[in-house]
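Colleague: any chance you can model this:
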Amino acid sequence: MGYERKSCHFVSKDWEHHNGRQNDQDWHHATGTSTQSGQNQHSNKKHHHEQYHNIANYSNSDSTRQTSDSQRTGENTSVVDDDEGHLVYQNGDMLTGRYEIIGTLGEGAFGKVVECIDHSNNDCVRVAMKIVKNIDTYRDVAMSEVAILSKMNTVDSDNQFACVRMLDWFNHQGHICIVFELLGLSTYDLLQKNNFKPFPLESIRHMAYQIIKAVRFLHRNKLTHTDLKPENILFVDSDYAALYFSKKGKGELPLDFPEVRVVDFGNATYDHEYHAAIVSTRHYRAPEVILDLGWNQACDVWSLGCILMEFYLGLTVFQTHSNREHLAMMERVLGPIPTQLLQKTRKKCYVNRNRLDWDARSSSGRYVRKHCKPLREYMTSRGQEHYQLFNLIQRMLEYDVAQRITLNEALAHPFFKSLRKSKK
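Modeller: Next up, the predicted model:
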């Protein structure tokens, strides 16, 4: 039942916190066009190409350049790809005569993320660069991400929301390269390095508040992230990680709480765009996706509920690779799936007489009983704040999207009352 986790780190070790009035401006769409929600995958990709070539300039006038090898200085102009389409590079290689690669931060299906020194000025700032595979499919996704990040930079020019900041992008011989501020560890990496010890409740409160505000910012601008998970939530500064380790076994952290950023917008989808049948990483996938009922922004809310549970427990609740077993785990934790949802599903193979078709006596059934229990039994304390957190999680993990809490409602939840007071 194990699974492999891969994390990639984007973004700046030093970050100035910006306070101020929330920016309610919508970015809508990069090109200002709209299409029918039923458009097919091909037309959606074509639209991403249009986005890519119509990106507005943001703060850096050089950020949308595409330079040829003959224009570059101080770099090896021979570009070599491996069998999987990754750019072959070595530490010390220069890209665009500006970015010196000094190490690899992570690897994923899309490509690799490297740490670079930006030699564009005397500061020699360290940045993260996502180098996408030289493959059409991944290039299309990268083009979409560049367009989205560019508009985010424009709309959130004051950095009020906890979303990763794109600093630059360019095309390096078929490899789309996206430059980000350099961030620290992902929340998953920190859990893993600390032997999956849960985060303190106060840290969960502060992280959750930032993450929810970031995702609400996306939702207000008609965008669904679709791949929220602990790997895609990064600490702004890894100094917090050092503090976390230093306090191991010594009680709660002092009131010096971490800033986080939401990353990876390669699969983000606008409301009017084609909605792929399957979204989200398995363990954070909403029931409406599994049951093929259609999905909307509420699937992000479900993912957030799963993330908060993982922060609280240190471990993933829905640890499975099987759709049927996943649904059975949901029932074990949250109670029976409503009959009306099972009646509407196009996945009739999961339904028998308006109930989940599940043999609780099978080996898989025994696994579910052993590893899952009713939601409130996961509480490690009966204190009021723990009850508030679990009430919030329960409302995020509502089966029916019409009943699931919205992110506006989540920010107004009693669990965040102390933060709302402190920000007045």
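
Colleague: any low-confidence regions in the stretch 201-350 of the chain?
Modeller: Residue ranges of the stretch 201-350 of the chain with pLDDT under 70: 240-256.

Colleague: can you count the residues close to residue 124?
Modeller: 10 (other C-beta atoms under 10 Å). (C-beta placed from N, C-alpha, C; glycine too.)

Colleague: that one touches residue 118, doesn't it?
Modeller: Yes - counting by C-beta atoms under 8 Å, residue 124 touches residue 118, with 6.9 Å between them.

Colleague: and the longest strand for this structure?
Modeller: strand 99-108 (DSSP state E).

Colleague: what is that one packed up against?
Modeller: When contacts are defined as 3 or more C-beta pairs under 8 Å, 6 or more residues apart in numbering; DSSP states H and E, strand 99-108 sits against strand 94-95, strand 111-118, strand 125-132.

Colleague: any idea which of these is most buried?
Modeller: Of all the helices and strands packed on strand 99-108, strand 125-132 has the most neighbours on average by mean count of other C-beta atoms under 10 Å, namely a mean of 23.

Colleague: strand partners of that one, parallel vs antiparallel please.
Modeller: When pairing is defined by DSSP bridges, strand 125-132 lines up against strand 111-118 (antiparallel), strand 175-181 (antiparallel).

Colleague: doesn't residue 234 fall inside a strand?
Modeller: Yes - according to DSSP: H, G, I helix; E, B strand; the rest coil, residue 234 belongs to a strand.

Colleague: any idea which element the closest residue in space to it that isn't next to it in sequence lies in?
Modeller: Nearest residue to residue 234 in three dimensions, chain neighbours excluded: residue 183, at 4.1 Å (C-beta to C-beta, 6 or more residues apart in numbering). Following DSSP states H and E, there is no helix or strand that holds residue 183.

Colleague: look up how far residue 371 lies from residue 183.
Modeller: When C-beta to C-beta, to the nearest Å is the yardstick, residue 183 and residue 371 sit 32 Å from each other.

Colleague: now swap in residue 189 and tell me
Modeller: As judged by C-beta to C-beta, residue 189 and residue 371 stand 23 Å apart.

Colleague: and residue 135, by the same measure?
Modeller: 37 Å.

Colleague: same check on residue 310?
Modeller: Relative to residue 371, and taking C-beta to C-beta, residue 310 is found at 14 Å.

Colleague: between residue 183 and residue 371, which is the more surrounded one?
Modeller: Per other C-beta under 10 Å, whichever of residue 183 and residue 371 has more neighbours is residue 183, with 26 against 16.

Colleague: mind checking pLDDT for the more buried one?
Modeller: Here the pLDDT value assigned to residue 183 is 94.

Colleague: minimum distance to residue 210: which of the strands paired with strand 125-132 has it?
Modeller: In terms of C-beta to C-beta, the element of these nearest to residue 210 is strand 175-181, at 15.6 Å.

Colleague: any idea which helix or strand comes after that closest one?
Modeller: From strand 175-181, the next helix or strand downstream (DSSP H and E) is helix 187-193.

Colleague: CA atoms only: put that next one into CSV for me.
Modeller: Taking Å, rounded to 0.1, in the frame of the first residue of the first chain, the C-alpha atoms of helix 187-193 are listed here in CSV:
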residue,chain,number,x,y,z
THR,A,187,5.3,20.7,4.2
TYR,A,188,5.5,17.1,3.2
ASP,A,189,9.3,17.1,3.2
LEU,A,190,9.3,18.5,6.7
LEU,A,191,6.9,15.9,7.9
GLN,A,192,9.0,13.2,6.4
LYS,A,193,12.3,14.6,7.8
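
Colleague: one step back: want to throw the helices and strands packed on strand 99-108 into JSON lines with mean pLDDT and distance to residue 293?
Modeller: Formatted as JSON lines, the helices and strands packed on strand 99-108 follow (pLDDT from 0 to 100; distance: least, C-beta to C-beta, whole Å):
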{"stretch": "strand 94-95", "mean pLDDT": "96", "distance to residue 293": "44"}
{"stretch": "strand 111-118", "mean pLDDT": "97", "distance to residue 293": "33"}
{"stretch": "strand 125-132", "mean pLDDT": "97", "distance to residue 293": "32"}
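
Colleague: switch the ones you listed over to JSON lines; also include distance to residue 289.
Modeller: Shown next, in JSON lines, are the helices and strands packed on strand 99-108 (distance: least, C-beta to C-beta, whole Å):
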{"stretch": "strand 94-95", "distance to residue 289": "37"}
{"stretch": "strand 111-118", "distance to residue 289": "26"}
{"stretch": "strand 125-132", "distance to residue 289": "25"}
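
Colleague: for residue 404, find the nearest of those.
Modeller: strand 125-132 (31.8 Å).

Colleague: tell me what angle that closest one forms with strand 99-108.
Modeller: 50 degrees (axes from the mean of the first three to the mean of the last three C-alpha atoms, to 10 degrees).

Colleague: how about the CA coordinates for the helix or strand following strand 125-132, as CSV?
Modeller: Sequence-wise, the next helix or strand downstream of strand 125-132 (DSSP H and E) is helix 136-155. C-alpha atoms of helix 136-155 as CSV (Å, rounded to 0.1, in the frame of the first residue of the first chain):
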residue,chain,number,x,y,z
ASP,A,136,5.1,18.7,-26.7
THR,A,137,2.6,17.6,-23.9
TYR,A,138,4.7,19.0,-21.1
ARG,A,139,5.5,22.1,-23.1
ASP,A,140,1.8,22.8,-23.5
VAL,A,141,1.2,22.5,-19.8
ALA,A,142,4.2,24.8,-19.1
MET,A,143,2.8,27.4,-21.5
SER,A,144,-0.5,27.3,-19.6
GLU,A,145,1.3,27.7,-16.3
VAL,A,146,3.4,30.6,-17.6
ALA,A,147,0.2,32.4,-18.6
ILE,A,148,-1.5,31.8,-15.3
LEU,A,149,1.5,32.9,-13.3
SER,A,150,1.9,36.0,-15.3
LYS,A,151,-1.7,37.0,-14.7
MET,A,152,-1.3,36.2,-11.0
ASN,A,153,1.7,38.6,-10.9
THR,A,154,-0.3,41.3,-12.5
VAL,A,155,-3.4,40.9,-10.3
